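Peer 1: Let me see the structure of the following:
(6 chains)
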There are 4 protein chains.
Amino acid sequence: MLRVANTQARQRPRDSVRTRDALIEAAAAEFNRHGYFNTDTNRIAAAAGYAPASFYKHFTDKREVFLEVYAVWVEREWAEIGELLTARMGRRRMPGRLAKAALEHHKRWPLFRADLTALAATDPQVMAARLKSRRRQIDVMTELLCHAGAASPSRARVLSVLLSFERICDAVAWGEAESLGVSERSVLRELRRVLRDLFG
Amino acid sequence: MLRVANTQARQRPRDSVRTRDALIEAAAAEFNRHGYFNTDTNRIAAAAGYAPASFYKHFTDKREVFLEVYAVWVEREWAEIGELLTARMGRRRMPGRLAKAALEHHKRWPLFRADLTALAATDPQVMAARLKSRRRQIDVMTELLCHAGAASPSRARVLSVLLSFERICDAVAWGEAESLGVSERSVLRELRRVLRDLFG
Amino acid sequence: MLRVANTQARQRPRDSVRTRDALIEAAAAEFNRHGYFNTDTNRIAAAAGYAPASFYKHFTDKREVFLEVYAVWVEREWAEIGELLTARMGRRRMPGRLAKAALEHHKRWPLFRADLTALAATDPQVMAARLKSRRRQIDVMTELLCHAGAASPSRARVLSVLLSFERICDAVAWGEAESLGVSERSVLRELRRVLRDLFG
Amino acid sequence: MLRVANTQARQRPRDSVRTRDALIEAAAAEFNRHGYFNTDTNRIAAAAGYAPASFYKHFTDKREVFLEVYAVWVEREWAEIGELLTARMGRRRMPGRLAKAALEHHKRWPLFRADLTALAATDPQVMAARLKSRRRQIDVMTELLCHAGAASPSRARVLSVLLSFERICDAVAWGEAESLGVSERSVLRELRRVLRDLFG
DNA sequence: TATGAATGAGATTTCATTCAT
DNA sequence: CATGAATGAAATCTCATTCAT
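Peer 2: This is a model prediction of the structure:
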């Protein structure tokens, strides 16, 4: 997850960038395993194989790593989606593919996603980062629709679809769907339907 | 706000209940103002006008008050929705009314809602409470649709709509919509559309 | 010194004011024994017989206790000087008495005085407190001179005398005078002379 | 500032000396800007353009650089005063010139002077350095007075004048005088008076 | 000689929780 | 029932100092 690299750690005490990446990676894992609020900076440092103080050479704050983790997370998501979008495929199969990819991505980061929401509600910077990512989503989606020859939908419409899509993915990732007796297969159907509403 | 059942009882026991209610109410306000994770139990007690130790006479945990706050919150929501549902009105106007009511409710509890999500992802009890409430939502919704003579939709379909609906309301409550240049008016349109998809 | 009270500590876990005073007293002693910059809040708490966290119930900062200690210190000094001033004595003996009293006071607080200077240079609040005390000194001195029938001297003159006086006292308190082979007796002579320059 | 002896030597040794000097200079600037206790050795190294470890190649301690800075500072002061003393001028103008020069010097090093006092009170080595410098002051002053034909004053008298003089200069450098509504011009008058008391 | 990433040691601070009253 | 002073335990953060290169 998030690069791998953990192999042979502690090797040369070199390379600030490597250390930083290792810390981000470790933070991502810890956040996602125990939740942001149950993870302290000591844990992160230790998980990456460093002393507590080392954390503060690279980040001022737990908040700051979180932002970095989020940046990486977004990049990853776009990389995955980018692949899908460039892959030539019929418009027909697109929604299904997108749904599957997004669902997988969310399932990989359940706690992280949950905390993101809580943090964004409190921390303006996290919110700003999230909004930035959202704008990009909207723009790409809109452009995609143009290409597909669909009638250009309102911003509100696109946003609404993106939010719905995301929330439904989260419900699967968090186990809500399953607990409510809704199978992943049927969720996928709903996801496709949400998208198709847009693609027309 | 969060006014609590004032069915009075004996003289003495009332005191205890009153205190407890005051603490719950104070907790709700603090959680919603500063966020669950930035609120400590001493603060809650102080906000309710009690000493720190008093908090622990009534709850074992911060988690426990949260659960109580959530219970009250749910009750409130259902009370509001219940009013709407019993009020005789044409099916036509129903989606619009529901959307407006839900939106108002969410706007009143932005931080609380955000933390709820984060907590549910970590804490089984919170998740359980949330699932219980969700089941009820699904059931009521399903029944409502029957009454309306709509074709009975799948559980997945109902869940998907509820999640979407909720998430879009949150986006307004958290200021996401506004920051993205999407007006509340157009969000309401989307909310109605989401519901109408269901009501047929 | 500074109240005494340390007797029987830990008694009743009562009385916030008592605790606060004990902390101030302990802080004063520690500051004066090891210096402000070599004293940490844990030490202060421990010296007063409390746990580290207790310190923070009463002060936000090491800086804050310092300010309190300073306030107490100033009060003490004025109490001593006040006694002298009210005691009826010939103008002749006044300078000698003042010199002796001040010297004793300074000798009791050598490190504290040294740190006060360093802190005032950095921290506006400490400087402000010091200036306030200085203004009072100047005013009292000026009034005293009027009463003594001396020609009213300029503010600059009074300030200059006060500073000189103080610095010479410090030199004894810090052991500078002794190291330079200047006896306390001859320093006292100089202190009297400095004052007599003013009293005419 | 604090320019250091640039008597060059061999090619190689120069580098080491240069680095050392750069560190001393940087330390002086940092100490005077942020105060000794708010300056860490990494900062000093960085300010001089070196890595943290380099600092420890040249000094064992923060204390040690401070001593070095002090040595340079004293040298500077004497250089300035030496110029004055050798410059042929009437005894009349001497006190005024000395006062002006000293005042300027102090104004250039406010924080450094304040910390010097605090450190001397705690650290025997700093005290020793200060005493050494003080002895020199006393000796030069005494000699000067002989030359001027004044009656040879007691050591106590000379010390008292030096301390007063210094403290009044500091009061200007630290902004005390100004805050108390005492102009620099009137302070200068007092400084001259203090000296004239000695020169008779 | 210089580096700079890394850290041990410890200071600062917070907070849920208790206990004597 | 209520208190509120007190704290154990732990998280956050700093900094002088080292070590492999």
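Peer 1: residues contacting the closest residue to chain D within chain A?
Peer 2: Here chain A gets closest to chain D at one residue, residue A:57, 10.8 Å apart by CB to the nearest CB. The way it works is simple: take the backbone N, C-alpha and C, and place the C-beta from them, glycine included. Neighbour list for residue A:57: empty [criterion: CB atoms under 8 Å, 6 or more residues apart in numbering or on different chains].
Peer 1: What pLDDT is listed against it?
Peer 2: We have a pLDDT of 95 for residue A:57.
Peer 1: With adjacent residues omitted, what lies nearest to residue A:46?
Peer 2: Spatial nearest neighbour of residue A:46, chain neighbours left out: residue A:52 (7.6 Å); criterion: CB to CB, 6 or more residues apart in numbering or on different chains.
Peer 1: ok, the residue of chain A closest to chain D to residue A:110 distance?
Peer 2: As for residue A:57, its distance to residue A:110 is 30 Å (criterion: CB to CB, to the nearest Å).
Peer 1: what distance separates stretch A:40-47 from the middle of the whole chain?
Peer 2: 22 Å (CA atoms, centre = their mean, to the nearest Å).
Peer 1: same deal with stretch A:102-118?
Peer 2: Centroid separation between stretch A:102-118 and its chain, computed with CA atoms, centre = their mean, is 6 Å.
Peer 1: just the residues of chain A that are near DNA strand F, which are they?
Peer 2: Counting by CB under 7 Å from any atom of the strand, chain A comes close to DNA strand F at A:12, A:13, A:40, A:41, A:42, A:52, A:53, A:56, A:60, A:61, A:62.
Peer 1: Look at residue A:151 and give its secondary structure.
Peer 2: State at residue A:151, reduced to three classes by DSSP: H, G, I helix; E, B strand; the rest coil: coil.
Peer 1: Number of residues surrounding it?
Peer 2: Neighbour count for residue A:151, taken as other CB atoms under 10 Å in any protein chain shown: 7.
Peer 1: For it, give me phi and psi.
Peer 2: Dihedral angles of residue A:151 (phi, psi; degrees, to the nearest 10) stand at phi -70, psi 130.
Peer 1: Need the pLDDT of the residue nearest to residue A:46.
Peer 2: 95.
Peer 1: which residues touch it?
Peer 2: A:41, A:42, A:45, A:46 are the contacts of residue A:52 under CB under 8 Å, 6+ apart.
Peer 1: Need the residue closest to the centroid of chain A.
Peer 2: By CA atoms, centre = their mean, chain A has its centre lying nearest to residue A:73, at 4.6 Å.
Peer 1: Now do the contacts for that one.
Peer 2: Per CB under 8 Å, 6+ apart, neighbours of residue A:73: A:28, A:109, A:112.
Peer 1: In chain A, which residue sits closest to DNA strand E?
Peer 2: Here chain A gets closest to DNA strand E at one residue, residue A:53, 2.8 Å apart by CB to the nearest atom of the strand.
Peer 1: Tell me who's in contact with that residue.
Peer 2: residue A:45 are the contacts of residue A:53 under CB under 8 Å, 6+ apart.
Peer 1: and it, how far is that from residue D:52?
Peer 2: With CB to CB as the criterion, residue A:53 and residue D:52 are 13 Å apart.
Peer 1: again with residue A:28
Peer 2: 30 Å.
Peer 1: Ok, residue A:63 next?
Peer 2: Residue A:63 is 26 Å from residue D:52, by CB to CB.
Peer 1: Same question for residue A:153.
Peer 2: 57 Å.
Peer 1: ditto for residue A:154
Peer 2: From residue A:154 to residue D:52 the distance is 57 Å (CB to CB).
Peer 1: Residue A:59 now?
Peer 2: 19 Å.
Peer 1: returning to what we had before: need the residues of chain A next to DNA strand F in CSV with secondary structure and distance to residue C:118, can you?
Peer 2: Shown next, in CSV, are the residues of chain A next to DNA strand F (DSSP: H, G, I helix; E, B strand; the rest coil; distance: CB to CB, whole Å):
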residue, secondary structure, distance to residue C:118
A:12, coil, 43
A:13, coil, 38
A:40, coil, 35
A:41, helix, 33
A:42, helix, 34
A:52, helix, 31
A:53, helix, 28
A:56, helix, 27
A:60, coil, 28
A:61, coil, 31
A:62, helix, 34
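Peer 1: most surrounded residue in those?
Peer 2: Greatest neighbour count in those, by other CB under 10 Å, goes to residue A:41: 19 neighbours.
Peer 1: check contacts around that residue.
Peer 2: Remark: with contacts taken as CB under 8 Å, 6+ apart, residue A:41 is in contact with A:52, A:55, A:56, A:59, A:62, A:65.
Peer 1: how about the helices in chain A?
Peer 2: Using DSSP state H, the helices of chain A run over A:16-34, A:41-48, A:52-58, A:62-86, A:94-108, A:110-122, A:124-147, A:155-173, A:176-179, A:184-199.
Peer 1: tell me the angle of the longest one relative to helix A:124-147?
Peer 2: Computed by axes from the mean of the first three to the mean of the last three CA atoms, to 10 degrees, the angle separating helix A:62-86 from helix A:124-147 equals 10 degrees.
Peer 1: What about contact with DNA strand E: does helix A:62-86 have any residue there?
Peer 2: No - judged by CB under 7 Å from any atom of the strand, helix A:62-86 stays clear of DNA strand E, getting no closer than 12.8 Å.
Peer 1: So what's the model's average confidence on that helix?
Peer 2: Computed over helix A:62-86, the average pLDDT equals 91.
Peer 1: Now residue A:191. Nearest residue, chain neighbours left out?
Peer 2: Spatial nearest neighbour of residue A:191, excluding adjacent residues (CB to CB, 6+ apart): residue A:99 at 3.7 Å.
Peer 1: And the one you found, how far from residue A:167?
Peer 2: With CB to CB as the criterion, residue A:99 and residue A:167 are 13 Å apart.
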